[in-house]
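Trainee: only the shape, not the letters, is given here:
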């Protein structure tokens, strides 16, 4: 482990009213740092997809750029798992800003193959773009694990669903800002760099401006974040709130080796594998509906502008849906994650069926996409929370990384992008909708396999209190 990434040592524990007030203040500060830090990753993640229309006049083709896009998803999936293990043994205050800065630098350098190498040397340009976009995806994988680590150390199980649901909205905030930043960045700074060459203004707006903002956010996140309460001379959050889960022990507060994390707490935990498989099918539905909505609608004769509003409605509905799901899991279901996830996925299936049945009716399509967006993001969030709940605190990043790997690699890269695209082309959209309904059923099935264990853990925790 590099010295600057090493976890800070535990400080002598403070007690009394001043320590209590400091704890409350630091929890809010750390939460804000995690929120804006994670939102920053979404400013420098899938910017290439926005640049593709402007790259066609420069001589680049969609099929070539599609390959480059795929490398980003594959790298992110792998990194989220492997870098999760590194995160569990690192200082979150340093690890998150480092990943964001490296993501921003890699994204900014995307200008080089597009402008300086160009389509005249297309093979080299695509190769460099692919390497850079792979690095963007890899460094983006350094965002979720340290946030998961921070949330498990600063917020206890009984409040984690609510707090994680609020934090999870960071990616909607960050993702929503990319479009306006690309537009205004090009308008504000394009002429400074490219003069009369307006065809190149998008390079500043899409790549350089978001990268500069992301670096600023990384510095702000470093100022706000803290690794653990103990590194600040405060007790564990479980002790402070008297909120101990059944599987809690003092050993979870200490760093352990990667071998112990993988073989003792993650790879042999069948319940983590169940929710990882469930996550693959949840992500298949999430991106199967989101990524293909404009294509489906335009093929059905709905104009692109209306399709764009349907896409927007899907994403916007995620925020209240995620907040509701997190609140319900804490307050109504008393810390259970499996049951609300299963209920929400069943409701997602209902709206997919409506989407399929009324595919030619724009009003019903938008209502259906709002319903899918509202209900799908709660399970996306809760599966990550459940991974944190089922693993010891010092293995939380790796556990969440495993579920994330299944979600992004198998659920998104393989199923939502490749398989659905192939099936839609060969067999049509009706078979695709049937596959999405099947994915909902499988997600519910695998989540159901964790239900009994989760109830057992919660009952044991209640008895311990």
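Mentor: Cool, the structure landed. A quick note: this is a predicted structure, and the numbers were derived from the prediction, not measured.

Trainee: just for the protein, where's the confidence low?
Mentor: Scanning the chain with the threshold set as pLDDT under 70 gives 1, 62-63, 245-265, 294-295, 298, 302-312, 393-394, 456-465.

Trainee: which helices and strands does the biggest helix by length in the chain pack with?
Mentor: In the chain, taking DSSP state H as the definition, the longest helix is helix 429-464. Using 3 or more Cβ pairs under 8 Å, 6 or more residues apart in numbering; DSSP states H and E, the elements in contact with helix 429-464 are helix 270-299, helix 338-357, helix 362-390, helix 420-427. C-beta: built from backbone N, CA, C; applies to glycine.

Trainee: try 10 Å
Mentor: Secondary-structure packing of helix 429-464 (3 or more Cβ pairs under 10 Å, 6 or more residues apart in numbering; DSSP states H and E): helix 157-168, helix 270-299, helix 338-357, helix 362-390, helix 420-427.

Trainee: to residue 212, which of the ones you listed lies closest?
Mentor: Closest of the helices and strands packed on helix 429-464 to residue 212 is helix 157-168, at 24.4 Å (criterion: Cβ to Cβ).

Trainee: give me the angle between the closest one and helix 429-464.
Mentor: Taking axes from the mean of the first three to the mean of the last three Cα atoms, to 10 degrees, one finds helix 157-168 and helix 429-464 inclined to each other by 140 degrees.

Trainee: next, count neighbours for residue 366.
Mentor: Residue 366 is flanked by 21 other residues according to other Cβ atoms under 10 Å.

Trainee: so it touches residue 314, yeah?
Mentor: Yes - here residue 366 reaches residue 314: they are 8.8 Å apart, a contact under Cβ atoms under 10 Å.

Trainee: shared neighbours, these two?
Mentor: Counting by Cβ atoms under 10 Å, 6 or more residues apart in numbering, residue 366 and residue 314 have no contacts in common.

Trainee: so who does residue 228 touch?
Mentor: Residues near residue 228 by Cβ under 10 Å, 6+ apart: 7-8, 10, 30, 91-93, 149-150, 152-154, 234, 236-237, 253, 393-394.

Trainee: one more time with 8 Å
Mentor: By Cβ atoms under 8 Å, 6 or more residues apart in numbering, the contact set of residue 228 is 7-8, 10, 153-154, 253.

Trainee: which residues touch residue 32?
Mentor: residue 224.

Trainee: next, it: phi, psi?
Mentor: Backbone torsions of residue 32, given as degrees, to the nearest 10, read phi -60, psi -40.

Trainee: end to end, how far does stretch 8-21 reach?
Mentor: Terminal residues of stretch 8-21 lie 22 Å apart, using Cα to Cα, to the nearest Å.

Trainee: contacts for it, please.
Mentor: Here stretch 8-21 makes contact (Cβ under 8 Å, 6+ apart) with 22, 91, 227-228, 230-235, 240, 253.

Trainee: does the residue of the chain most remote from its centre sit in a helix, a strand or a coil?
Mentor: Here the chain reaches farthest from its C-alpha mean at residue 196, the gap being 38.6 Å by Cα atoms, centre = their mean. Look at residue 196: counting by DSSP: H, G, I helix; E, B strand; the rest coil, its state is coil.

Trainee: any idea how far it lies from residue 287?
Mentor: Note on residue 196: its distance to residue 287, by Cβ to Cβ, to the nearest Å, is 40 Å.

Trainee: likewise residue 100?
Mentor: Separation of residue 100 from residue 287 (Cβ to Cβ) stands at 23 Å.

Trainee: next one: residue 340
Mentor: Using Cβ to Cβ, residue 340 is found at 21 Å from residue 287.

Trainee: how about residue 213?
Mentor: In terms of Cβ to Cβ, residue 213 sits 26 Å off from residue 287.

Trainee: who has more neighbours, those two?
Mentor: Shown here are residue 213 and residue 287; by other Cβ under 10 Å, residue 287 has more neighbours (21 against 17).

Trainee: list the contacts of the closest residue to that one other than its chain neighbours.
Mentor: Leaving aside its chain neighbours, residue 287 sits nearest to residue 416 (3.8 Å; criterion: Cβ to Cβ, 6 or more residues apart in numbering). Going by Cβ under 8 Å, 6+ apart, residue 416 touches 283-288, 291.
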